[in-house]
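Visitor: only the shape, not the letters, is given here:
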(Lines give C-alpha, C1' and ligand atoms only; values in the text may rest on other atoms or scores of the structure.)
Protein backbone atom coordinates (compact mmCIF):
# COMPACT_ATOMS: atom_id res chain seq x y z
CA UNK A 1 0.00 0.00 0.00
CA UNK A 2 1.36 3.44 -0.87
CA UNK A 3 2.23 5.09 2.47
CA UNK A 4 0.99 8.51 1.37
CA UNK A 5 -2.36 6.99 0.47
CA UNK A 6 -2.50 5.21 3.83
CA UNK A 7 -1.68 8.41 5.75
CA UNK A 8 -4.29 10.42 3.89
CA UNK A 9 -6.87 7.70 4.43
CA UNK A 10 -6.20 7.86 8.17
CA UNK A 11 -6.69 11.63 8.03
CA UNK A 12 -9.92 11.19 6.07
CA UNK A 13 -11.45 8.82 8.62
CA UNK A 14 -10.34 11.02 11.50
CA UNK A 15 -11.92 14.07 9.85
CA UNK A 16 -15.10 12.17 9.17
CA UNK A 17 -15.33 11.24 12.85
CA UNK A 18 -14.79 14.88 13.89
CA UNK A 19 -11.34 14.36 15.43
CA UNK A 20 -9.31 17.29 16.74
CA UNK A 21 -7.54 19.18 13.96
CA UNK A 22 -4.03 18.67 15.36
CA UNK A 23 -4.45 14.89 15.19
CA UNK A 24 -5.43 15.05 11.53
CA UNK A 25 -2.71 17.50 10.53
CA UNK A 26 0.02 15.16 11.74
CA UNK A 27 -1.02 12.51 9.20
CA UNK A 28 -1.47 14.93 6.33
CA UNK A 29 1.91 16.53 7.09
CA UNK A 30 3.57 13.11 7.16
CA UNK A 31 1.96 12.26 3.81
CA UNK A 32 3.38 15.44 2.29
CA UNK A 33 6.85 14.65 3.66
CA UNK A 34 6.88 11.12 2.23
CA UNK A 35 5.44 12.38 -1.04
CA UNK A 36 8.40 14.76 -1.31
CA UNK A 37 10.98 11.97 -1.17
CA UNK A 38 12.53 10.62 -4.34
CA UNK A 39 12.50 6.89 -5.04
CA UNK A 40 15.99 6.32 -3.64
CA UNK A 41 15.27 8.19 -0.41
CA UNK A 42 12.02 6.36 0.08
CA UNK A 43 13.68 3.00 -0.55
CA UNK A 44 16.50 3.75 1.92
CA UNK A 45 14.12 4.80 4.70
CA UNK A 46 12.05 1.70 3.98
CA UNK A 47 15.12 -0.56 4.17
CA UNK A 48 16.37 0.94 7.44
CA UNK A 49 12.93 1.79 8.89
CA UNK A 50 14.30 5.23 9.72
CA UNK A 51 11.12 7.23 9.07
CA UNK A 52 11.27 9.01 12.44
CA UNK A 53 14.56 10.64 11.45
CA UNK A 54 12.53 12.83 9.09
CA UNK A 55 11.38 16.05 10.74
CA UNK A 56 7.60 15.97 11.12
CA UNK A 57 7.25 12.19 11.31
CA UNK A 58 6.68 10.70 14.76
CA UNK A 59 6.23 7.16 16.04
CA UNK A 60 2.52 6.91 15.18
CA UNK A 61 2.82 8.18 11.62
CA UNK A 62 6.00 6.14 11.15
CA UNK A 63 4.13 2.98 12.13
CA UNK A 64 1.52 3.66 9.45
CA UNK A 65 4.25 4.26 6.87
CA UNK A 66 6.32 1.19 7.70
CA UNK A 67 3.31 -1.14 7.70
CA UNK A 68 2.11 0.27 4.37
CA UNK A 69 5.58 -0.12 2.87
CA UNK A 70 5.57 -3.72 4.09
CA UNK A 71 2.54 -4.32 1.90
CA UNK A 72 -0.30 -4.48 4.38
CA UNK A 73 -3.05 -2.24 5.66
CA UNK A 74 -1.69 -0.31 8.65
CA UNK A 75 -3.20 -1.26 12.01
CA UNK A 76 -4.23 2.28 12.82
CA UNK A 77 -5.97 2.73 9.47
CA UNK A 78 -7.95 -0.46 10.08
CA UNK A 79 -8.79 0.80 13.59
CA UNK A 80 -10.13 4.21 12.56
CA UNK A 81 -12.09 2.70 9.67
CA UNK A 82 -13.53 0.08 12.00
CA UNK A 83 -14.70 2.72 14.48
CA UNK A 84 -16.46 4.79 11.81
CA UNK A 85 -20.16 5.15 12.53
CA UNK A 86 -22.92 5.66 9.95
CA UNK A 87 -23.79 9.29 9.27
CA UNK A 88 -27.40 10.39 9.04
CA UNK A 89 -29.09 7.01 8.88
CA UNK A 90 -32.47 8.73 8.80
CA UNK A 91 -31.65 10.56 5.57
CA UNK A 92 -30.47 7.77 3.30
CA UNK A 93 -33.13 8.24 0.61
CA UNK A 94 -32.36 11.92 0.21
CA UNK A 95 -28.62 11.32 0.38
CA UNK A 96 -28.89 8.80 -2.46
CA UNK A 97 -30.59 11.46 -4.59
CA UNK A 98 -27.83 14.06 -4.14
CA UNK A 99 -25.44 14.56 -7.04
CA UNK A 100 -23.04 17.07 -5.56
CA UNK A 101 -22.06 19.54 -2.87
CA UNK A 102 -22.31 23.31 -3.30
CA UNK A 103 -20.35 24.62 -0.30
CA UNK A 104 -16.75 23.50 0.30
CA UNK A 105 -13.41 25.07 1.25
CA UNK A 106 -9.77 24.38 0.39
CA UNK A 107 -6.46 25.55 1.82
CA UNK A 108 -6.74 28.60 -0.40
CA UNK A 109 -8.83 30.05 2.44
CA UNK A 110 -9.42 28.31 5.78
CA UNK A 111 -9.69 24.70 4.60
CA UNK A 112 -7.03 22.16 5.46
CA UNK A 113 -6.32 20.50 2.12
CA UNK A 114 -5.48 21.38 -1.48
CA UNK A 115 -8.20 21.73 -4.10
CA UNK A 116 -7.14 18.53 -5.86
CA UNK A 117 -7.47 16.43 -2.71
CA UNK A 118 -10.89 17.88 -1.92
CA UNK A 119 -12.15 17.22 -5.43
CA UNK A 120 -10.69 13.73 -5.73
CA UNK A 121 -12.42 12.87 -2.48
CA UNK A 122 -15.69 14.18 -3.91
CA UNK A 123 -15.17 11.90 -6.90
CA UNK A 124 -14.50 8.93 -4.61
CA UNK A 125 -17.74 9.66 -2.74
CA UNK A 126 -19.66 9.38 -6.00
CA UNK A 127 -20.40 13.05 -6.59
CA UNK A 128 -21.05 14.17 -10.15
CA UNK A 129 -19.98 17.71 -9.29
CA UNK A 130 -18.70 19.81 -6.41
CA UNK A 131 -18.48 23.57 -5.98
CA UNK A 132 -15.38 25.12 -4.47
CA UNK A 133 -16.53 28.12 -2.42
CA UNK A 134 -13.60 29.60 -0.54
CA UNK A 135 -14.15 32.75 1.49
CA UNK A 136 -14.15 36.34 0.21
CA UNK A 137 -11.49 38.93 1.19
CA UNK A 138 -13.17 40.63 4.14
CA UNK A 139 -12.94 37.45 6.21
CA UNK A 140 -9.21 37.90 6.83
CA UNK A 141 -9.20 35.38 9.69
CA UNK A 142 -10.14 32.78 7.06
CA UNK A 143 -7.57 34.03 4.52
CA UNK A 144 -10.36 35.19 2.22
CA UNK A 145 -9.59 35.46 -1.48
CA UNK A 146 -8.96 38.81 -3.14
CA UNK A 147 -10.16 39.20 -6.71
CA UNK A 148 -6.62 38.51 -7.91
CA UNK A 149 -6.27 35.32 -5.86
CA UNK A 150 -9.70 34.12 -6.94
CA UNK A 151 -8.78 34.59 -10.60
CA UNK A 152 -5.62 32.55 -9.98
CA UNK A 153 -7.74 29.86 -8.36
CA UNK A 154 -9.96 29.69 -11.43
CA UNK A 155 -6.90 28.85 -13.53
CA UNK A 156 -5.97 26.01 -11.17
CA UNK A 157 -9.52 24.68 -11.30
CA UNK A 158 -9.53 24.74 -15.10
CA UNK A 159 -6.41 22.55 -15.21
CA UNK A 160 -7.76 20.11 -12.64
CA UNK A 161 -11.13 20.01 -14.39
CA UNK A 162 -9.52 18.56 -17.50
CA UNK A 163 -7.94 15.81 -15.39
CA UNK A 164 -11.12 14.85 -13.47
CA UNK A 165 -13.71 15.03 -16.27
CA UNK A 166 -16.50 13.99 -16.58
CA UNK A 167 -16.71 15.01 -12.91
CA UNK A 168 -17.33 18.75 -12.83
CA UNK A 169 -15.72 21.27 -10.51
CA UNK A 170 -18.11 24.19 -10.18
CA UNK A 171 -16.37 27.52 -9.64
CA UNK A 172 -17.69 29.47 -6.71
CA UNK A 173 -17.27 31.52 -3.59
CA UNK A 174 -18.76 31.93 -0.15
CA UNK A 175 -19.10 35.67 -0.26
CA UNK A 176 -19.65 37.77 2.85
CA UNK A 177 -22.86 39.76 3.12
CA UNK A 178 -21.63 43.15 4.28
CA UNK A 179 -23.50 45.29 6.80
CA UNK A 180 -25.32 47.22 4.06
CA UNK A 181 -26.32 44.05 2.19
CA UNK A 182 -23.73 44.37 -0.60
CA UNK A 183 -21.40 41.51 -1.42
CA UNK A 184 -17.71 41.28 -0.62
CA UNK A 185 -16.39 40.68 -4.16
CA UNK A 186 -16.37 42.37 -7.55
CA UNK A 187 -19.68 42.03 -9.41
CA UNK A 188 -17.96 41.22 -12.69
CA UNK A 189 -16.05 38.38 -11.05
CA UNK A 190 -19.13 37.02 -9.29
CA UNK A 191 -20.85 36.91 -12.68
CA UNK A 192 -18.15 34.52 -13.95
CA UNK A 193 -18.70 31.96 -11.17
CA UNK A 194 -21.01 28.96 -11.31
CA UNK A 195 -22.19 29.10 -7.68
CA UNK A 196 -22.29 31.99 -5.22
CA UNK A 197 -23.11 31.19 -1.60
CA UNK A 198 -23.80 34.37 0.39
CA UNK A 199 -23.41 34.26 4.16
CA UNK A 200 -23.32 36.61 7.14
CA UNK A 201 -20.12 36.25 9.17
CA UNK A 202 -19.95 39.57 11.02
CA UNK A 203 -22.14 41.75 13.24
CA UNK A 204 -24.29 38.69 13.93
CA UNK A 205 -26.01 40.40 16.89
CA UNK A 206 -27.52 43.22 14.80
CA UNK A 207 -31.16 43.99 15.51
CA UNK A 208 -33.82 42.11 13.57
CA UNK A 209 -34.82 44.95 11.26
CA UNK A 210 -31.23 45.71 10.25
CA UNK A 211 -30.39 42.05 9.69
CA UNK A 212 -33.56 41.51 7.65
CA UNK A 213 -32.76 44.47 5.35
CA UNK A 214 -29.17 43.30 5.01
CA UNK A 215 -30.09 39.73 4.07
CA UNK A 216 -32.93 40.65 1.71
CA UNK A 217 -30.65 42.96 -0.28
CA UNK A 218 -28.14 40.14 -0.69
CA UNK A 219 -30.80 37.58 -1.60
CA UNK A 220 -32.13 39.94 -4.28
CA UNK A 221 -28.67 40.24 -5.86
CA UNK A 222 -28.85 38.32 -9.17
CA UNK A 223 -25.44 36.74 -8.52
CA UNK A 224 -26.50 35.02 -5.28
CA UNK A 225 -27.59 31.40 -5.65
CA UNK A 226 -27.57 30.04 -2.09
CA UNK A 227 -28.16 31.69 1.30
CA UNK A 228 -25.56 30.07 3.56
CA UNK A 229 -26.15 29.01 7.20
CA UNK A 230 -28.84 31.63 7.60
CA UNK A 231 -28.96 32.01 11.42
CA UNK A 232 -25.21 31.80 12.02
CA UNK A 233 -25.81 29.73 15.13
CA UNK A 234 -23.38 27.26 16.73
CA UNK A 235 -24.92 24.50 18.81
CA UNK A 236 -21.84 22.45 19.81
CA UNK A 237 -18.14 22.02 19.16
CA UNK A 238 -14.80 23.48 20.24
CA UNK A 239 -15.78 26.99 19.14
CA UNK A 240 -18.49 27.02 21.80
CA UNK A 241 -22.11 27.89 21.17
CA UNK A 242 -23.66 30.96 19.59
CA UNK A 243 -27.32 32.01 19.46
CA UNK A 244 -29.24 32.55 16.24
CA UNK A 245 -29.12 35.92 14.53
CA UNK A 246 -32.44 37.74 14.68
CA UNK A 247 -34.35 38.48 11.47
CA UNK A 248 -37.88 38.30 10.09
CA UNK A 249 -37.80 34.75 8.74
CA UNK A 250 -41.08 35.12 6.85
CA UNK A 251 -39.65 38.03 4.85
CA UNK A 252 -36.31 36.28 4.30
CA UNK A 253 -37.84 33.08 2.96
CA UNK A 254 -40.34 34.92 0.79
CA UNK A 255 -37.40 36.82 -0.71
CA UNK A 256 -35.58 33.52 -1.34
CA UNK A 257 -38.67 32.22 -3.12
CA UNK A 258 -39.17 35.34 -5.22
CA UNK A 259 -35.53 35.79 -6.24
CA UNK A 260 -34.68 32.12 -6.77
CA UNK A 261 -32.15 31.79 -3.96
CA UNK A 262 -31.87 28.37 -2.33
CA UNK A 263 -31.84 28.09 1.44
CA UNK A 264 -28.81 26.11 2.56
CA UNK A 265 -29.28 23.16 4.89
CA UNK A 266 -25.82 23.26 6.43
CA UNK A 267 -24.65 19.78 7.41
CA UNK A 268 -21.89 20.77 9.82
CA UNK A 269 -22.69 19.20 13.20
CA UNK A 270 -21.88 22.41 15.08
CA UNK A 271 -24.25 24.47 12.91
CA UNK A 272 -27.34 22.34 12.13
CA UNK A 273 -28.60 25.45 10.36
CA UNK A 274 -31.40 26.34 9.80
CA UNK A 275 -33.20 25.07 12.92
CA UNK A 276 -36.08 22.70 12.22
CA UNK A 277 -38.79 25.32 12.76
CA UNK A 278 -37.19 27.60 10.14
CA UNK A 279 -36.64 24.74 7.73
CA UNK A 280 -40.34 23.95 8.01
CA UNK A 281 -41.20 27.62 7.38
CA UNK A 282 -38.96 27.75 4.30
CA UNK A 283 -40.55 24.55 3.01
CA UNK A 284 -44.07 25.91 3.52
CA UNK A 285 -43.07 29.17 1.83
CA UNK A 286 -42.03 27.25 -1.28
CA UNK A 287 -38.25 27.72 -1.10
CA UNK A 288 -35.69 25.52 -2.75
CA UNK A 289 -32.84 24.09 -0.69
CA UNK A 290 -29.21 23.09 -1.05
CA UNK A 291 -27.89 20.40 1.31
CA UNK A 292 -24.19 21.18 1.74
CA UNK A 293 -21.32 20.09 3.94
CA UNK A 294 -19.47 23.40 4.30
CA UNK A 295 -16.50 21.01 4.35
CA UNK A 296 -13.10 22.34 5.35
CA UNK A 297 -11.35 18.97 4.96
CA UNK A 298 -11.77 15.89 2.75
CA UNK A 299 -13.29 13.72 5.48
CA UNK A 300 -15.97 16.31 6.11
CA UNK A 301 -17.30 15.85 2.58
CA UNK A 302 -19.02 12.75 3.94
CA UNK A 303 -21.11 14.87 6.34
CA UNK A 304 -23.99 15.46 3.92
CA UNK A 305 -25.88 12.68 5.67
CA UNK A 306 -26.31 14.91 8.71
CA UNK A 307 -28.13 17.53 6.64
CA UNK A 308 -30.11 14.90 4.73
CA UNK A 309 -31.36 13.36 7.96
CA UNK A 310 -32.68 16.70 9.20
CA UNK A 311 -34.19 17.56 5.82
CA UNK A 312 -35.87 14.17 5.47
CA UNK A 313 -37.28 14.45 9.00
CA UNK A 314 -38.73 17.82 8.00
CA UNK A 315 -40.29 16.35 4.85
CA UNK A 316 -38.16 18.20 2.29
CA UNK A 317 -38.74 16.44 -1.05
CA UNK A 318 -35.78 15.64 -3.28
CA UNK A 319 -37.14 17.72 -6.14
CA UNK A 320 -36.86 20.86 -3.99
CA UNK A 321 -33.15 20.26 -3.35
CA UNK A 322 -31.13 21.85 -6.13
CA UNK A 323 -28.12 19.57 -5.74
CA UNK A 324 -30.22 16.54 -6.60
CA UNK A 325 -30.34 17.96 -10.12
CA UNK A 326 -27.83 17.35 -12.90
CA UNK A 327 -25.09 19.92 -13.30
CA UNK A 328 -26.71 21.27 -16.47
CA UNK A 329 -30.11 21.63 -14.77
CA UNK A 330 -28.51 23.29 -11.78
CA UNK A 331 -26.50 25.79 -13.82
CA UNK A 332 -29.56 26.65 -15.90
CA UNK A 333 -31.50 27.35 -12.69
CA UNK A 334 -28.82 29.59 -11.14
CA UNK A 335 -28.17 31.55 -14.32
CA UNK A 336 -29.49 35.15 -14.09
CA UNK A 337 -32.81 35.60 -15.88
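Guide: That came in fine, so what should we check first? Everything quoted here is computed from the prediction, not taken from an experiment. Numbers count the residues shown, from 1 in each chain.
Visitor: list the buried residues of the helix or strand of the chain with the lowest mean pLDDT.
Guide: When each helix and strand of the chain is scored by mean pLDDT, DSSP states H and E, helix 21-35 comes last, with a mean of 94. Neighbour counts over helix 21-35 (16 or more other C-beta atoms under 10 Å) mark 24, 26-31, 33-34 as buried. Quick note: C-beta positions are derived from backbone N, CA and C, even for glycine.
Visitor: ok, now stretch 1-12?
Guide: For stretch 1-12, a neighbour-count test (16+ other C-beta under 10 Å) marks 1, 3-4, 6-12 as buried.
Visitor: who does the longest strand that the chain contains touch, helix- and strand-wise?
Guide: Taking DSSP state E as the assignment, the strand of the chain that covers the most residues is strand 168-176. Identification of packing neighbours for strand 168-176 by 3 or more C-beta pairs under 8 Å, 6 or more residues apart in numbering; DSSP states H and E yields strand 129-132, helix 147-164, helix 187-192, strand 195-199, helix 327-334.
Visitor: I'd like these written out as a markdown table, with mean neighbour count and distance to residue 272 added.
Guide: What follows is the helices and strands packed on strand 168-176, written out as a markdown table (neighbours: other C-beta atoms under 10 Å; distance: least, C-beta to C-beta, whole Å):
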| stretch | mean neighbour count | distance to residue 272 |
| --- | --- | --- |
| strand 129-132 | 28 | 21 |
| helix 147-164 | 14 | 29 |
| helix 187-192 | 14 | 28 |
| strand 195-199 | 27 | 15 |
| helix 327-334 | 16 | 24 |
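Visitor: next, format these as CSV and append mean pLDDT and distance to residue 247.
Guide: Rendered in CSV, the data for the helices and strands packed on strand 168-176 read as follows (pLDDT from 0 to 100; distance: least, C-beta to C-beta, whole Å):
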stretch, mean pLDDT, distance to residue 247
strand 129-132, 98, 25
helix 147-164, 97, 28
helix 187-192, 96, 23
strand 195-199, 98, 13
helix 327-334, 97, 23
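Visitor: redo the ones you listed as a markdown table? Include distance to residue 90.
Guide: Listed next are the helices and strands packed on strand 168-176 as a markdown table, based on distance: least, C-beta to C-beta, whole Å:
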| stretch | distance to residue 90 |
| --- | --- |
| strand 129-132 | 24 |
| helix 147-164 | 31 |
| helix 187-192 | 36 |
| strand 195-199 | 25 |
| helix 327-334 | 25 |
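Visitor: do you know how far residue 101 is from residue 133?
Guide: From residue 101 over to residue 133 the distance is 9 Å, taken as C-beta to C-beta, to the nearest Å.
Visitor: my error: substitute residue 4 in the last question.
Guide: Residue 4 sits 27 Å away from residue 133 when distances are taken as C-beta to C-beta.
Visitor: check residue 177 too.
Guide: The separation that residue 177 has from residue 133, given C-beta to C-beta, amounts to 14 Å.
Visitor: the two: who's more crowded?
Guide: When residue 177 is set against residue 133 and neighbours are counted by other C-beta atoms under 10 Å, the residue ahead is residue 133, at 30 against 27.
Visitor: all helices for the chain, in order.
Guide: Per DSSP state H, the chain carries helices over the ranges 3-16, 21-35, 39-48, 59-69, 75-83, 92-97, 115-124, 147-164, 187-192, 208-220, 249-259, 276-285, 304-314, 327-334.
Visitor: measure stretch 215-225 end to end?
Guide: 13 Å (C-alpha to C-alpha, to the nearest Å).
Visitor: so for it, what gets flagged as buried?
Guide: Of the residues in stretch 215-225, those buried under the neighbour-count criterion (16+ other C-beta under 10 Å) are 215-219, 221-225.
Visitor: tell me the contacts of the closest residue to residue 278 other than its chain neighbours?
Guide: Once its chain neighbours are removed from consideration, residue 278 has its nearest residue in residue 249; the separation is 5.5 Å (C-beta to C-beta, 6 or more residues apart in numbering). For residue 249, the residues meeting the contact criterion (C-beta atoms under 8 Å, 6 or more residues apart in numbering) are 278, 281-282.
Visitor: with residue 76 instead?
Guide: Shown here is residue 76, whose contacts under the criterion C-beta under 8 Å, 6+ apart are 10, 60, 63-64.
Visitor: list buried residues within these.
Guide: Those of the contacts of residue 76 that meet the buried threshold are 10, 64, by 16+ other C-beta under 10 Å.
Visitor: what's the closest of the contacts of residue 76 to residue 181?
Guide: When the contacts of residue 76 are compared for distance to residue 181 (C-beta to C-beta), residue 10 wins out at 43.9 Å.
Visitor: please name the nearest non-neighbouring residue to that closest one.
Guide: The nearest residue in space to residue 10 (C-beta to C-beta, 6+ apart) is residue 27, at 4.7 Å.
Visitor: export the contacts of residue 76 to JSON lines and tack on distance to residue 258 and pLDDT?
Guide: Below are those laid out as JSON lines (distance: C-beta to C-beta, whole Å; pLDDT from 0 to 100):
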{"residue": "10", "distance to residue 258": "47", "pLDDT": "98"}
{"residue": "60", "distance to residue 258": "54", "pLDDT": "97"}
{"residue": "63", "distance to residue 258": "58", "pLDDT": "98"}
{"residue": "64", "distance to residue 258": "53", "pLDDT": "98"}
